[in-house]
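Trainee: Here is my input, please return the structure:
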Amino acid sequence: EQIENHKRRINNLESMIPEAEKAIGYMGERVNTLSNKLAQSKVDEAQIKSNLEAELEAANDTVTEKKFECASLSATVKDMQLQQKNLREKFTTAQEELQEKDTKMFCLSSE
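Mentor: Reported below is the predicted structural model:
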């Protein structure tokens with residue numbers, strides 16, 4: 001009777017083998033799929049990182065460029081302010097000279 005029980009048990013276990021092999025095959029496929037997805041995500045991550053680094057470098061270049069532009073504009077503004085000051089001084093001097101000439105002319109005409 002024990003031998004019969006062992007035989008039945010062996011038959012039951014043997015009948016489970018195809019299902020277990022099928023499950024193992026499915027799990028193997030699933031592991032391969034996940035492994036491929038992981039590898040692809042690492043490639044994607046590297047590409048995204050590379051793209052972000054390139055964008056950051058371009059942004060830094062733009063910032064540097066804009067700083068130079070600002071410095072140049074600032075120098076231009078200072079130069080124009082100096083020119084304006086010089087022109088004001090020349091204008092004031094010219095007005096004073098004109099006033100003196102007007103005064104002299106008036107004095108001469110009154111004599």
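
Trainee: Tell me how far Asp61 lies from Ser72.
Mentor: 16 Å (C-beta to C-beta, to the nearest Å). Quick note: C-beta positions are derived from backbone N, CA and C, even for glycine.

Trainee: What of Lys104?
Mentor: 47 Å.

Trainee: for Val43, same thing?
Mentor: From Val43 to Ser72 the distance is 43 Å (C-beta to C-beta).

Trainee: With His6 instead?
Mentor: From His6 to Ser72 the distance is 95 Å (C-beta to C-beta).

Trainee: go on, Arg8?
Mentor: For Arg8, the distance to Ser72 - C-beta to C-beta - is 95 Å.

Trainee: Kindly report the same for Leu52.
Mentor: 30 Å.

Trainee: quick one: the helices in this structure?
Mentor: 2-110 (DSSP state H).

Trainee: got any ranges where it has weak pLDDT?
Mentor: 111 (pLDDT under 70).

Trainee: So for it, the centremost residue is which one?
Mentor: When the chain is reduced to its mean C-alpha position, the nearest residue by C-alpha atoms, centre = their mean turns out to be Leu56, at 3.8 Å.

Trainee: Quick check: the gap between that residue and Asp44.
Mentor: For Leu56 relative to Asp44 (C-beta to C-beta), the value is 18 Å.

Trainee: now Pro18
Mentor: 38 Å.

Trainee: Equivalent analysis for His6, please.
Mentor: For His6 relative to Asp44 (C-beta to C-beta), the value is 55 Å.

Trainee: For burial, what's the neighbour tally of Glu53?
Mentor: 10 (other C-beta atoms under 10 Å).

Trainee: what do you get for the one 10 residues further on?
Mentor: For Val63, the tally of surrounding residues (other C-beta under 10 Å) stands at 10.
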